[in-house]
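Colleague: Give the three-dimensional model of this entry:
(one chain, ligands or ions: 1)
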Amino acid sequence: MGDGHLSETFPEIREAVRRLCARFPGEYWRELDRERAYPSEFVAALTEAGFLSVLIPEEYDGSGLGLEAACAVLEEIHRSGSNGGACHAQMYTMGTLLKHGSDQQKREYLPKIASGELRLQAFGVTECRTTPREECAKPSDGMSVLLVDMREAVGNGLTIRPVRTMLNHATTELFFDDLRVPASALIGEEGKGFRYILSGMNAERILIASECIGDGRFFIDRAAAYAAERNVFGRAIGENQGVQFPIARAYVQLSAAAEMVTKAARMFDAGETGGTEANMSKMLASEASWFAADMCIQTHGGFGFAEEYDIERKFRETRLYQVAPISTNLILSHVATHVLDLPKSF
Ligand SMILES: Cc1cc2nc3c(=O)[nH]c(=O)nc-3n(C[C@H](O)[C@H](O)[C@H](O)COP(=O)(O)OP(=O)(O)OC[C@H]3O[C@@H](n4cnc5c(N)ncnc54)[C@H](O)[C@@H]3O)c2cc1C
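Modeller: Next up is the predicted model:
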């Protein structure tokens, strides 16, 4: 795909990520997908190259780059046909600890997260409260952030039940039953946790939006190449406007979404709230990548369904992003009530 003005940011990071991903071709991901296995070698390579610690400040052994750089990393991973879902949370979950943890907590955990010795890539948001809602001044009060060492918690009040899903993403249900954690597990102040994780959620939405942009570019690259090379009745199928136009439409939609993702990332890096932009970028990017995925299957005809092309795998993977980490309806609800001042429905 001729990018024009797109993908110009962080060219060196992008090139390095592309080179790394080239070591993990379609066969690697197909095999994992079949087995529902974790991409350990891929995650180890990303960790070793320092790509998962770009958001950790240098004083804690990260590279101290901003969210826009992290977006470039994830976009390129996804554009290459790889998937960052297994480890992207290692990049941003530590944001809550970085912003609200004590000095001691930061010194203890952040360097280990940067080196990969410690994985901080699972987080569970539940409705469990540490203070009953009726005793709170605001509905968002009364929830706390706790850092739980799962190696100790499993079997001692935490049960993890894997959920097999339509894509290879280690998804689980967590059951908490009288799990005891030390007071030192509390991040920041008790009862203020919801506020703490909101900023982390904005980072997550923007980063996942860039994964969608990467997916969309993958689909458009593949579709344009296939349409140019596949001959039916003596000419390339891409000569037909019925084939060309959906590819061009996908490109237009993705380009607009990418602009919004860049805007949201820059706002985040500038310390601006940007919750609405984070939400809008995630919605636009997830819809653009889904349109591109559907277009790409159609362009490939029957081969779109064949595992060896990797299109059907990416198609399943990119569908997730209209549901998780936040569903499209809840983004629309945010825009309706917070931006347009429409009445709240819940
Ligand atoms: C692969 C995968 C990985 C995940 N990883 C994590 C994780 O790491 N951590 C974590 O905490 N969670 C995780 N999740 C959970 C994910 O964030 C939720 O599934 C998602 O936010 C949707 O919530 P829900 O499943 O409870 O759907 P529901 O809230 O039950 O919603 C179901 C449908 O109803 C719609 N809906 C609900 N309420 C309203 C309303 N008021 N108005 C209009 N429409 C509404 C929704 O848009 C949705 O389409 C993961 C999910 C998946 C599938």
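Colleague: Next, the distance between the ends of stretch 172-180.
Modeller: Its start and end residues considered, stretch 172-180 measures 21 Å (CA to CA, to the nearest Å).
Colleague: so, in contact with the ligand or not, that stretch?
Modeller: No: legend: contact between stretch 172-180 and the ligand by CB under 6 Å from any ligand atom is lacking; minimum distance shown is 8.6 Å. All C-beta atoms are positioned from the backbone trio N, CA, C, and that covers glycine.
Colleague: For Leu46, which non-adjacent residue is closest in space?
Modeller: Nearest-residue entry for Leu46: Leu52, 5.3 Å, with adjacent residues in sequence omitted and distances by CB to CB, 6 or more residues apart in numbering.
Colleague: and the one you found, how many residues sit next to it?
Modeller: The number of residues packed near Leu52 is 28, by other CB atoms under 10 Å.
Colleague: That one reaches Tyr92, doesn't it?
Modeller: No: using CB atoms under 8 Å, Leu52 is not in contact with Tyr92, being 10.0 Å away.
Colleague: Would you state the helices of the stretch 1-150 of the chain in chain order?
Modeller: Taking DSSP state H, counting those that start in this stretch to define them, one finds helices in the stretch 1-150 of the chain at 11-22, 26-35, 40-48, 67-79, 88-92, 94-100, 103-115, 150-153.
Colleague: can you pull the contacts of Glu277?
Modeller: Glu277 makes contact with Met260, Lys263, Ala264, Met267 under the criterion CB atoms under 8 Å, 6 or more residues apart in numbering.
Colleague: Now for those, which sits with the most neighbours around it?
Modeller: Highest neighbour count within the contacts of Glu277: Ala264, with 31 neighbours (other CB under 10 Å).
Colleague: Thought Met280 was touching that one, still the case?
Modeller: Yes: with contacts counted by CB under 8 Å, Ala264 reaches Met280, the gap being 7.4 Å.
Colleague: From Ser345, how far off is the residue nearest the centre of the chain?
Modeller: Most central in the chain under CA atoms, centre = their mean is Ile208, positioned 2.9 Å from the mean C-alpha point. Going from Ile208 to Ser345 by CB to CB, to the nearest Å gives 25 Å.
Colleague: Likewise for Ile77?
Modeller: Distance of Ile77 to Ser345, computed by CB to CB: 37 Å.
Colleague: Which one of those two is surrounded by more residues?
Modeller: Ile77 (27 against 7).
Colleague: Can you give me every residue that contacts the more buried one?
Modeller: Counted by CB under 8 Å, 6+ apart, Ile77 has contacts Val17, Cys21, Leu46, Asn83, Gly84, Glu211, Gly214.
Colleague: Sticking with the last one, tell me its helix or strand.
Modeller: Secondary structure assignment for Gly214, by DSSP states H and E: helix 193-229.
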